[in-house]
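Enquirer: Task: produce atomic coordinates for the following.
(chains A and B)
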Amino acid sequence: NAGVTQTPKFQVLKTGQSMTLQCAQDMNHNSMYWYRQDPGMGLRLIYYSASEGTTDKGEVPNGYNVSRLNKREFSLRLESAAPSQTSVYFCASSEALGDSFNYGYTFGSGTRLTVV
Amino acid sequence: AQKITQTQPGMFVQEKEAVTLDCTYDTSDPSYGLFWYKQPSSGEMIFLIYQGSYDQQNATEGRYSLNFQKARKSANLVISASQLGDSAMYFCAMRERSSYKLIFGSGTRLLVRP
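Expert: The predicted structure follows:
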């Protein structure tokens, strides 16, 4: 019962470097999400994918790109990392579709990213 | 636009007592869902309880209950008989039926005193 798997768990980048955060879920969920959590704050939505083949911006999309590779996988890319992107990144998935929005959201364990 | 507000950055409660964590929300969608999550110091997000906007009764899950007051747009979490393991960050979140986005409040840090 892996649920939502994120890799890597920790990463240190230099300013200007690029990297991709990987996320995979094995629950056959339709919707997937990327959030960031800054110290002492709640989770803010970066991008989401309501279903395979679609992606949309969330609250804080600037500086990020995403790819819904297939139903299982949803990656987040930082093209040119900045210190302001130092955060903990969470991937989540949900069965939620249309009227069925009362399903829980399953979260990965997070990726702690530091940009120096 | 949907919005979640948690006005208590931190709270203390004595072990075995009950505590209420406040959450207010704003939405123009008549159909929505409200969620509470727990985040212990280890960092994972743990789903606690869900309340739908059309649910007639307040949701309960073990020691957790949700005090849902629709007219006041509040969805407070009540934890009964607090335990030391309840010390954590607690987040209120909402999803509108018309949106796929789950939006979070800023959280409340709860510390349970022995």
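Enquirer: Test of understanding: give the bridge partners of the residue nearest the centre of chain A.
Expert: In chain A, the residue lying closest to the centroid (Cα atoms, centre = their mean) is A:W34, at 2.4 Å. Listed by DSSP bridges, the beta-bridge partners for A:W34 are A:Y47, A:C91.
Enquirer: What does the pLDDT read for it?
Expert: We have a pLDDT of 97 for A:W34.
Enquirer: Test my guess that it contacts A:T20.
Expert: No. Contact status for A:W34 versus A:T20: not in contact, 11.5 Å apart, counting by Cβ atoms under 8 Å. Just so you know, the C-beta spots here come from the backbone N, C-alpha and C atoms, and that holds for glycine as well.
Enquirer: any residues in contact with both of those two?
Expert: A:L76 (Cβ atoms under 8 Å, 6 or more residues apart in numbering or on different chains).
Enquirer: Can you pull the phi/psi pair for A:Q85?
Expert: Dihedral angles of A:Q85 (phi, psi; degrees, to the nearest 10) stand at phi -90, psi 0.
Enquirer: how many other residues sit next to it?
Expert: Residues contacting A:Q85 under the criterion other Cβ atoms under 10 Å in any protein chain shown number 19.
Enquirer: so is A:S84 in a helix, a strand, or just coil?
Expert: For A:S84, the assignment made with DSSP: H, G, I helix; E, B strand; the rest coil gives helix.
Enquirer: show me the contacts for B:A18.
Expert: B:V78, B:I79, B:S80, B:A81, B:S82.
Enquirer: isn't the last one right up against B:L21?
Expert: No. B:S82 sits out of contact with B:L21 when judged by Cβ under 8 Å, with a separation of 11.2 Å.
Enquirer: list the helices and strands the least confident helix or strand in chain A by mean pLDDT packs on?
Expert: Least confident helix or strand, chain A: strand A:105-107 with a mean of 90, by mean pLDDT, DSSP states H and E. Secondary-structure packing of strand A:105-107 (3 or more Cβ pairs under 8 Å, 6 or more residues apart in numbering or on different chains; DSSP states H and E): strand A:87-94.
Enquirer: coming back round to it: by neighbour count, which of the contacts of B:A18 wins?
Expert: B:I79 (23 neighbours).
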